[in-house]
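Student: My questions concern the predicted model and sequence given below.
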Amino acid sequence: MQARRHRNVLSGDAVLGPVVVGGIGGSGTRVIEEIMRRLNVYTGSDLNAAGDNRWFTLLCKLPRWDLDARTLESPVMRALGTFERVMTGRLEFTRQDRQVVTDSVRRCRHWWRHDRLPDDRPPAWLHDRIASLLRSGQDYPPNAPLWGWKEPNSHIFIRPLHVQFGDRLRYVHVIRNGIHMAHSRNQLQLSRWGSVFGLPGGSGTPSPAASLDYWILANEAAIEEGQALARGGFLLMNYDDLCAAPEREITRFVDFLGLDPPAGVLRELACVPRPSTSGRRSDSEVAKEFGNDRLTRVRALGFPVGGSR
């Protein structure tokens, strides 16, 4: 891995960011990421079709670090440090950075061989990410006002992110009606992180009730941890509200970022959200499937339980 030095792509020596977008898979995070990119917020130059930052996936999500170890020298914190240097064009591939990448790839290969989850990645994918890391910083737009990323699993990392970035961190949590999401085909987070919340994980197909349990526990935890950030550091975005009143919600998001785009840009951004086409279900059907205790917690998170808007 050849060392190379990139210029600092940010204004002067200031590090303006990050803005991090996370949420349960299928919550609408890709829409928020698209809005960020249209606002010229730099979200990385190695993204998948959904706008997920694959550098974060490689360095932070796939290795399955111990997230409770949050000293600055713990593996997850060293990975976040390397990731920040990648995202801000300052990666020099020091000995520590090389070790972080080596350790990340070694762990990813181990899990691929011995305990593969549906969203783990093969060695060829890992090799492509290393090549991409070596090119990091070259595609950063020179007039980007902010930097950040979208990777739904980021909500699991709120506490380590806060340790790494302190009050610079601005975290956006996207939430969508759990009654609808319990029947979604996207249950990858439950298989990967279920054990964090005392739920069974693994590669099996979860029941809608298990999916809703994860939705409840993960969102409650993310909101609690987000609200513990510095004032102005946390924004909860209800995707259903975004679809129902896009100009209002996008204005709230833009204000959170501290940007001031022209009114015409805001009108264009209001066309980005894509309303859900899920059908409605009766209260009795939903109560029979999930039970009143779960539905009480869904309501407490701000959603109706007789169907999805």
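Tutor: Yes, it's here.

Student: all strands of the stretch 201-309 of the chain, in order?
Tutor: Secondary structure of the stretch 201-309 of the chain, counting by DSSP state E, counting those that start in this stretch: strands at 234-238.

Student: where in it is pLDDT low?
Tutor: 201-204, 276-280, 306-309 (pLDDT under 70).

Student: Going along the chain, name the helices of the stretch 51-200 of the chain.
Tutor: 54-56, 75-87, 95-114, 123-134, 158-165, 178-181, 188-193 (DSSP state H, counting those that start in this stretch).

Student: elements contacting the fifth one?
Tutor: Applying 3 or more CB pairs under 8 Å, 6 or more residues apart in numbering; DSSP states H and E, we find helix 158-165 packed against helix 75-87, helix 208-227. All C-beta atoms are positioned from the backbone trio N, CA, C, and that covers glycine.

Student: mean confidence score for that helix?
Tutor: What helix 158-165 shows for mean pLDDT is 96.

Student: Kindly report the same for the second one.
Tutor: Computed over helix 75-87, the mean pLDDT rounds to 94.

Student: Mind listing residues that contact stretch 60-76?
Tutor: 77-81, 83, 100, 103-104, 107-108, 111, 120-121, 151, 153, 156-157, 159-160, 163, 192, 196 (CB atoms under 8 Å, 6 or more residues apart in numbering).

Student: Can you give the contact residues for stretch 208-225?
Tutor: If you take CB under 8 Å, 6+ apart as the criterion, stretch 208-225 is touched by 22-24, 155-156, 158-159, 162, 173, 175, 178-179, 181-184, 187, 189-190, 193-194, 197-200, 206, 236, 289-291, 294, 297-298, 301.

Student: Tell me the buried residues within those residues.
Tutor: Among these, those scoring as buried are 22-24, 155-156, 158-159, 162, 173, 175, 178-179, 181-182, 184, 187, 189-190, 193-194, 197, 199, 206, 236, 289-290, 294, 297-298, 301 (criterion: 16 or more other CB atoms under 10 Å).

Student: And for Q96, the neighbour number?
Tutor: Using other CB atoms under 10 Å, Q96 is surrounded by 12 other residues.

Student: any idea how far V21 is from it?
Tutor: Distance of Q96 to V21, given as CB to CB, to the nearest Å: 27 Å.

Student: Equivalent analysis for R176, please.
Tutor: With CB to CB as the criterion, R176 and V21 are 13 Å apart.

Student: These two: who's more crowded?
Tutor: Remark: of R176 and V21, V21 carries more neighbours, 33 against 27, as counted by other CB under 10 Å.

Student: Contact partners for the more buried one?
Tutor: Counting by CB under 8 Å, 6+ apart, V21 has contacts 29, 32-33, 36, 148-151, 154, 172, 174.
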